[in-house]
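Chemist: Sequence and predicted structure, then a few things I'm wondering about:
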Amino acid sequence: MLAIIKKELKSYLLTPVGYIFIGLFLLIFSVFFYINIFTSRVINFEYLFYNGATILTFLTPILTMRMFAEERKTGTEQLLLTSPRSITATVLGKFFAAGIIMIITELFTLMYFFILKHFGHPSLQVAISTLFGFFLLSLAYISFGMFASSITENQIVASVLTIGVFLLMWFLPDAISIFNIFCLIYKFENFAIGVISVSEIITFVSFTVLFILLTIITLQRRKCIR
Amino acid sequence: MIQVKNVTKKYGNFYAVRNINFEVKDGEIVGFLGRNGAGKSTTMNMITGFIEPTEGSIIVNGYNIDSKPKKVKKEIGYMPEGTPLYSDLTVKEFVTYMAELKLIPRKERKEAVKEAIKSTGLELVQNTLTRNLSRGYKQRVSMAGAIVGNPKILILDEPTVGLDPKQVIEIRELIKSFRKDHTVLISSHILSEISQICEKVIIIDKGEILAVDTTKHLEDNTSENTVLKISVDDINNKFLSIKDEIPEIINIKLTDENDEDKTKEYLVEASSKTDIRKQIFSICAKNEITILEMKKVENSLEDAFIKLVENRPEYSKKEIKKMQYEKELEELREEEKNKKEEKELKKQAKKEEKARKRANKIEKKEKKKEEKEKGGDK
């Protein structure tokens, strides 16, 4: 698995992909930071991450769309799947590599905490809870993006599918309350007020594990239908 | 050893491969021959565990791919068709990644990568990104990825497709060098290539195996008749009359007539496998026909392939005719090439002769001069 993590990180950081993701995320994050300061004159670190969740909805496909779709299109999937490495190790390797890029991005967002700390007194506990919740949310998003990438060889289809489902998960609960359970952004809001609840952690973790498993099953099933 | 037993791969109602059986023994280089879409890649993908057979079992070095996929995959080095490579990695990084994927222990990895790069002749480009390499080099990188860690079995899917003749020869030599300590299964739709590399051939067509045999055997069994190619100097046009004197001769066909030196080339088809060359020789001598060249026409793998497929009901006459036409075209090209070579050789010989004559003349002149000088001195 370590080999796959290493290789994936290389392809994120030796190509523009990783930098585009981190750069765009921080750019939009900074714009929101600036707008919040000059419009409402009130700003807190946790509030910024509501915007962060919106940004994540649209930017996650940058990290995930090529994961399996590109391997399938270029044929390198054959190299991966005919090697003695298990499909589970391959999937987890790719998932953790994207997770590491997400951690790097989150570490960069800490600078806003220190800026705010210079001028005021933001709560460290709430900040940690927010960052933790945001990390869980991003892992859940990555797992779905990865799944979308595993069912098609077209990266655009994978990214449109990812964004589409995220938007549905976001707005559908507003229209039909029964879908509340699927709204991950709402679940994240509790973390942003400093509440770390077990049920929310379980929701995020089970969503992530579900789509990791679905990705593994998809790749295994394709052995029969390929 | 690879054992493929009653393997079928079905997509809906379409059989990509139907009930195939064959065996590749240790140390053999076996060619997997068939036209595009015959089922070669499907079979190879099933052996490597990339796709699952609908029915049947595949056993590699005693392990069943179904129950022990990891062990089977460890034994195999696979070079897929189309040389898929990671374009953002350098050659060395790619081969190292392949070594990591193949679970080669960290201690041995560096040496294994070095060895694979060396044996595929990639030392000079090892720090180049794979996307910047030529097709031939990409092919080698893919090969290096397959052989890293020295797997006992190599499966090479169309390794020379799209290469220029020089690159084809290089890759061919590389494959031949694996003969000593690897079992190799190599697929191709180019018959001449297979006959040059492999001792044994598996011919597959429309998902079914038509023959598993040595190349020599396949070529020998193609025709029951003996065909001789004879070039003669026959001013009196008596050659065709030898048919009356040798009853085994079925047909004599004039294939070429050279106006310059009045030589003729015939194809003589005899009914049995008995050697009629001695008879032809003595009859020609009696009839004052000078034989310039006489050789037995060897059946090619192409002939074997056509013979095998023409009896199959699924093949339309049109398809068989097309194949025969392609074969004839290939033969004509070969002949044209040989003629050109012959002409060039003749030219070269003439030039050499002229040069020799000139040298002789100069030598003679010098000798005369010396003699004159000696005479003068006296």
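Modeler: That came in fine, so what should we check first?
Chemist: Does the residue nearest the centre of chain A belong to a helix, a strand or coil?
Modeler: Residue closest to the average C-alpha location in chain A (CA atoms, centre = their mean): residue A:138, at 3.0 Å. Following DSSP: H, G, I helix; E, B strand; the rest coil, the label given to residue A:138 is helix.
Chemist: swap in residue B:149?
Modeler: Residue B:149 - assigned by three-state DSSP - is coil.
Chemist: Can you verify my assumption that it contacts residue B:99?
Modeler: Yes - assessed by CB atoms under 8 Å, residue B:149 is found in contact with residue B:99 at 5.9 Å. C-beta: built from backbone N, CA, C; applies to glycine.
Chemist: quick one: residue A:10 from residue B:339, how far?
Modeler: According to CB to CB, to the nearest Å, residue A:10 stands 55 Å off from residue B:339.
Chemist: hmm, I was thinking of residue B:87
Modeler: Applying CB to CB, the value for residue B:87 to residue B:339 is 45 Å.
Chemist: ok so, going back, more neighbours, residue A:10 and residue B:339?
Modeler: More crowded of residue A:10 and residue B:339, by other CB atoms under 10 Å in any protein chain shown: residue A:10, with 17 against 11.
Chemist: Contacts only, for the more buried one.
Modeler: Counting by CB atoms under 8 Å, 6 or more residues apart in numbering or on different chains, residue A:10 makes contact with B:88-89, B:93.
Chemist: same thing but at 10 Å, please
Modeler: Residues near residue A:10 by CB atoms under 10 Å, 6 or more residues apart in numbering or on different chains: A:18, A:97, B:86, B:88-89, B:93, B:97.
Chemist: For the stretch 51-200 of chain B, which segments are assigned as helices?
Modeler: Assigned by DSSP state H, counting those that start in this stretch, the stretch 51-200 of chain B shows helices spanning B:69-75, B:91-101, B:106-119, B:135-147, B:165-177, B:191-197.
Chemist: ok, now chain A?
Modeler: Using DSSP state H, the helices of chain A run over residues A:2-13, A:16-40, A:45-64, A:69-74, A:76-81, A:87-119, A:124-150, A:155-175, A:184-192, A:198-225.
Chemist: Same question for the stretch 251-378 of chain B.
Modeler: B:277-286, B:301-310, B:317-377.
Chemist: Check which residues of the first one are buried.
Modeler: Meaning helix B:277-286. Within helix B:277-286, the residues scored as buried using 16 or more other CB atoms under 10 Å in any protein chain shown are B:277, B:279-280, B:283-284.
Chemist: Please name every helix or strand in contact with it.
Modeler: Contacts defined by 3 or more CB pairs under 10 Å, 6 or more residues apart in numbering or on different chains; DSSP states H and E place helix B:277-286 against strand B:226-233, helix B:242-245, strand B:263-270, strand B:290-296.
Chemist: Chain neighbours aside, what residue packs nearest to residue 183?
Modeler: No chain was given, so I picked chain A. Nearest non-adjacent residue to residue A:183, counting by CB to CB, 6 or more residues apart in numbering or on different chains: residue A:173, 4.3 Å away.
Chemist: my question was about chain B
Modeler: Using CB to CB, 6+ apart, the nearest residue to residue B:183 is residue B:153, at 4.8 Å.
Chemist: my read: that neighbour touches residue B:79, true?
Modeler: No - look at residue B:153 against residue B:79 with CB atoms under 10 Å: they stay out of range, at 11.8 Å.
Chemist: Neighbour count: these two, which is higher?
Modeler: The residue with more neighbours, out of residue B:153 and residue B:79, is residue B:79; 24 against 21, by other CB under 10 Å.
Chemist: residues in contact with that one?
Modeler: Residues counted as contacts of residue B:79 (CB under 10 Å, 6+ apart) are A:78-79, B:44, B:139, B:141-147, B:154-159, B:186.
Chemist: Look up the pLDDT of it for me, please.
Modeler: Residue B:79 is assigned a predicted lDDT (pLDDT) of 91.
Chemist: what's the burial count for the residue nearest to it when sequence neighbours are not counted?
Modeler: Leaving out its chain neighbours, the residue that sits closest to residue B:79 by CB to CB, 6+ apart is residue B:146, at 4.1 Å. Residues lying near residue B:146 (other CB under 10 Å) number 25.
Chemist: I'd say residue B:40 and residue B:30 touch.
Modeler: No - using CB under 10 Å, residue B:40 is not in contact with residue B:30; the gap is 11.9 Å.
Chemist: returning to what we had before: so which of the helices of the stretch 251-378 of chain B is the most surrounded?
Modeler: Sort the helices of the stretch 251-378 of chain B by mean neighbour count, taking mean count of other CB atoms under 10 Å in any protein chain shown, and helix B:301-310 sits at the top with a mean of 19.
Chemist: now the chain, which segments are flagged as low pLDDT?
Modeler: In the absence of a named chain, chain A is used. A:177-182, A:225-226 (pLDDT under 70).
Chemist: Sorry, I should have been clearer: chain B.
Modeler: B:162, B:219-224, B:272-273, B:298-302, B:309-320, B:323, B:327, B:376-378.
Chemist: Kindly reformat the contacts of residue A:10 as TSV containing neighbour count and distance to residue B:209.
Modeler: Output for the contacts of residue A:10, formatted as TSV (neighbours: other CB atoms under 10 Å in any protein chain shown; distance: CB to CB, whole Å):
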residue	neighbour count	distance to residue B:209
A:18	23	49
A:97	25	43
B:86	23	35
B:88	17	40
B:89	21	38
B:93	20	40
B:97	23	35
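Chemist: Turn those residues into a markdown table, columns for distance to residue A:150.
Modeler: Listed next are those as a markdown table, based on distance: CB to CB, whole Å:
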| residue | distance to residue A:150 |
| --- | --- |
| A:18 | 20 |
| A:97 | 15 |
| B:86 | 18 |
| B:88 | 20 |
| B:89 | 22 |
| B:93 | 25 |
| B:97 | 20 |
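Chemist: out of the helices of the stretch 51-200 of chain B, nearest to residue A:208?
Modeler: For residue A:208, the closest of the helices of the stretch 51-200 of chain B is helix B:91-101, at 25.0 Å, according to CB to CB.
Chemist: could you check the angle helix A:2-13 makes with that closest one?
Modeler: Helix B:91-101 runs at 150 degrees relative to helix A:2-13, counting by axes from the mean of the first three to the mean of the last three CA atoms, to 10 degrees.
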